[in-house]
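S.K.: Quick one: sequence and predicted model below, then my questions.
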Amino acid sequence: MSHDVADKPHPHHPHHRDAKGFVRAVEHASKERGLRLTPLRKEVLQLIAATDKPIKAYDLLDLLREKHGNAAPPTVYRALDFLLEHGFIHKLESINAFVSCHHPEEAHQVPFLICDICSSAEEVCDQRVAELIETQARALGFRPQAQTLEVHGTCKLCRKP
């Protein structure tokens with residue numbers, strides 16, 4: 001199920017959790033952009049894509065050490081930096097964790113809804129939110145360089161009795 005943000009607003013829609021498809025999309029985007037998706041970067045990406053919740057860097061490191069006993073923090077952080085820089089993953093600052101980007105083929109800024117109970121994070125795919133923030137910032141003479149809006153609360157599943 002694919003949505004184009006330019007078509008119509010879709011403030012909150014579920015995304016499929018196809019980790020293999022996501023990694024293939026990133027491989028394709030990397031090739032198109034002339035980027036080098038090294039085996040380690042790809043492995044970190046696969047680990048992030050395979051989780052259904054945001055994952056912390058040290059949890060990624062623990063998973064890598066299960067396979068590669070000598071994995072070190074700088075190695076993981078370099079891979080994360082690459083993936084962040086090119087928009088393949090997002091960092092949720094408030095919980096210091098990473099999630100895969102639902103639209104790795106396009107650069108975009110999106111808000112996240114983060115559940116304080118189960119730690120799930122849902123990407124809100126509605127370009128109007130980012131545009132509104134940028135318009136307001138520019139009206140105030142502010143030049144935005146990056147934005148990550150994180151809204152904390154309780155998801156629908158955790159609110160059920």
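M.R.: All right, it came through fine.
S.K.: How is the protein partitioned into domains?
M.R.: Listed domain ranges for the chain are 16-104, 108-161 (source: automatic domain parsing).
S.K.: For the chain, name the helix or strand with the lowest mean pLDDT.
M.R.: helix 127-139 (a mean of 87; mean pLDDT, DSSP states H and E).
S.K.: that older thread, winner for burial among the domains of the chain?
M.R.: domain 16-104 (a mean of 16; mean count of other CB atoms under 10 Å). Every C-beta, even on glycine, is put in place using the N, C-alpha and C of the backbone.
S.K.: next helix or strand past the least confident helix or strand of the chain?
M.R.: strand 150-153 (DSSP states H and E).
S.K.: Cys125 is in contact with Pro111, isn't it?
M.R.: No: using CB atoms under 8 Å, Cys125 is not in contact with Pro111, being 9.4 Å away.
S.K.: mind pulling up the phi and psi values for the most centrally placed residue in the chain?
M.R.: The residue lying closest to the centre of the chain (CA atoms, centre = their mean) is His90, at 3.0 Å. Note on His90: backbone dihedrals following degrees, to the nearest 10 are phi -120, psi 150.
S.K.: next one: Ala25
M.R.: Note on Ala25: its backbone torsions stand at phi -60, psi -40 [degrees, to the nearest 10].
S.K.: hmm, back to that, what separates the residue nearest to the centre of the chain from Cys101, distance-wise?
M.R.: According to CB to CB, to the nearest Å, His90 and Cys101 sit 6 Å apart.
S.K.: any residues in contact with both of these two?
M.R.: Glu123 (CB atoms under 8 Å, 6 or more residues apart in numbering).
S.K.: In the protein, where is pLDDT below threshold?
M.R.: 1-17, 104-108, 146 (pLDDT under 70).
S.K.: quick one, helices of the chain?
M.R.: Assigned by DSSP state H, the helices in the chain fall at 19-33, 39-50, 57-67, 73-85, 127-139, 156-159.
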